[in-house]
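*Asks:* coords please:
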Amino acid sequence: MNRQPAMKWQTTRFQLDLGTPRVMGIVNITPDSFSDGGQHGSTAAALRHCEQLIQDGADILDIGGESTRPGAQPLGLEDELARVLPVLKGALSLGVAVSVDTYKPQVMQAALDLGADIINDIWALRWQEGRDSLRGDQVIAMHPNCGVCLMHMHQEPQTMQVQPMQGDVVPQVLLFLEQAAHTLYGLGVEKARILIDPGIGFGKTATQNFSLLSRQTELLAAGYPLLIGWSRKSSLAGMTAAAGQPLLARQRLAPSLAAALLAVQRGAAVVRVHDVKETVQALRVLLAAR
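*Replies:* Here you go, the predicted structure:
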């Protein structure tokens with residue numbers, strides 16, 4: 001099993017020991033997410049889901065107010081704040097690290113002002129509303145100790161699967177993540193605060209996604225812990241199709257568990273999943289065998 005030396009992820013309130021793989025539970029407060037859109041749309045329903053994920057063994061909650069599935073339409077700033085902040089306020093009292101999945105600097109700032117532990121950004125802090133507007137890297141650099149995850153995405157959600165990447169994606173993804181992390185480090189953000197994510201499904205073909213899995217250890221060369229999100233992705237549906245019928249999102253538990261275990265075996269420090277209980281159980285078997 002390929003593992004990095006034991007290290008800790010510095011977040012606002014917690015130092016998370018990454019010597020043991022951590023499970024990040026997905027909390028989508030969206031009507032249009034590809035897997036569970038609309039299921040946790042109200043603040044009360046989202047907080048009940050947070051509590052259930054913690055009971056199931058989640059180490060981290062990842063709250064997102066905007067769908068970033070292929071073809072998803074952007075959400076306005078005020079709408080995202082209205083969705084995310086009430087849930088975040090409640091989740092911060094539940095005793096685990098809380099991440100906010102957003103690319104908007106204003107949402108990052110508001111979340112961190114409330115006490116969020118981690119910012120998880122599909123744009124790797126590149127998105128900016130205008131030339132003179134607040135940047136995500138500025139928000140993170142101004143905070144003394146929040147955690148951050150930088151993800152690779154090719155193009156943007158509206159176009160990423162229409163024109164996916166070309167060629168060997170592994171060195172391209174590695175170079176991008178190295179540069180993104182180096183830029184943030186150059187702004188004074190300590191390495192212990194940074195994780196990187198190759199962005200499974202974000203502008204890659206199924207073949208390219210599985211290449212990132214099979215060669216995932218090459219990404220460790222960047223020198224940062226890996227966060228990996230395979231849960232219920234469409235590449236798993238095509239690979240496991242029965243009689244030509246790809247699995248629906250809710251039917252992808254078994255392949256999601258297999259991908260999570262393989263990712264951990266290849267060095268992932270955090271796996272981001274919908275099915276926390278089953279993932280925690282599977283990881284316990286893996287760790288016992290280790």
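*Asks:* and Ile119, that's in a helix?
*Replies:* No - membership of Ile119 in a helix is not supported by DSSP: H, G, I helix; E, B strand; the rest coil, which gives strand.
*Asks:* quick one: contacts for it?
*Replies:* Under the criterion of Cβ atoms under 8 Å, 6 or more residues apart in numbering, the contact list for Ile119 reads 99-100, 102, 108, 111-112, 136, 139-140, 146-149. Yep, even glycine has a C-beta here, placed from its N, CA and C like the rest.
*Asks:* what separation is there between it and Val107?
*Replies:* From Ile119 across to Val107, the span is 9 Å (Cβ to Cβ, to the nearest Å).
*Asks:* what do the two both touch?
*Replies:* Joint contacts of Ile119 and Val107 (Cβ under 8 Å, 6+ apart) are Val100.
*Asks:* any idea how far stretch 61-79 is from the chain center?
*Replies:* Here stretch 61-79 shows a centroid-to-chain-centroid distance of 13 Å under the convention Cα atoms, centre = their mean, to the nearest Å.
*Asks:* need the phi and psi values for Ile228.
*Replies:* Listed backbone geometry of Ile228 is phi -130, psi 130, with angles given as degrees, to the nearest 10.
*Asks:* how much space between it and Ala110?
*Replies:* Computed as Cβ to Cβ, the Ile228 to Ala110 distance reads 28 Å.
*Asks:* between those two, which has more neighbouring residues?
*Replies:* Remark: of Ile228 and Ala110, Ile228 carries more neighbours, 29 against 20, as counted by other Cβ atoms under 10 Å.
*Asks:* thought the more buried one was touching Asp197?
*Replies:* Yes - contact status for Ile228 versus Asp197: in contact at 6.8 Å, counting by Cβ atoms under 8 Å.
*Asks:* residues that sit against both of the two, list them.
*Replies:* Both Ile228 and Asp197 are in contact with Arg272, where contact means Cβ under 8 Å, 6+ apart.
*Asks:* now Lys277: closest residue in space that isn't a chain neighbour?
*Replies:* In this structure, Lys277 finds its nearest non-sequential neighbour in Asp56, 3.7 Å apart by Cβ to Cβ, 6 or more residues apart in numbering.
*Asks:* if I look at that neighbour, how far off is Arg215?
*Replies:* Taking Cβ to Cβ as the measure, Asp56 falls 31 Å from Arg215.
*Asks:* just checking, what packs against the helix or strand bottoming out on mean pLDDT in the chain?
*Replies:* Confidence across the helices and strands of the chain bottoms out at helix 234-239, with a mean of 82, counting by mean pLDDT, DSSP states H and E. For helix 234-239, the packing partners by 3 or more Cβ pairs under 8 Å, 6 or more residues apart in numbering; DSSP states H and E come out as helix 206-214, helix 253-265.
*Asks:* rerun that using 6 Å as the cut-off
*Replies:* helix 206-214 (3 or more Cβ pairs under 6 Å, 6 or more residues apart in numbering; DSSP states H and E).
*Asks:* in the helix it packs on, what's buried?
*Replies:* 206, 208-213 (16 or more other Cβ atoms under 10 Å).
*Asks:* starting at the chain centroid, how far to it?
*Replies:* Centre to centre, stretch against its chain (Cα atoms, centre = their mean), the figure for helix 206-214 is 17 Å.
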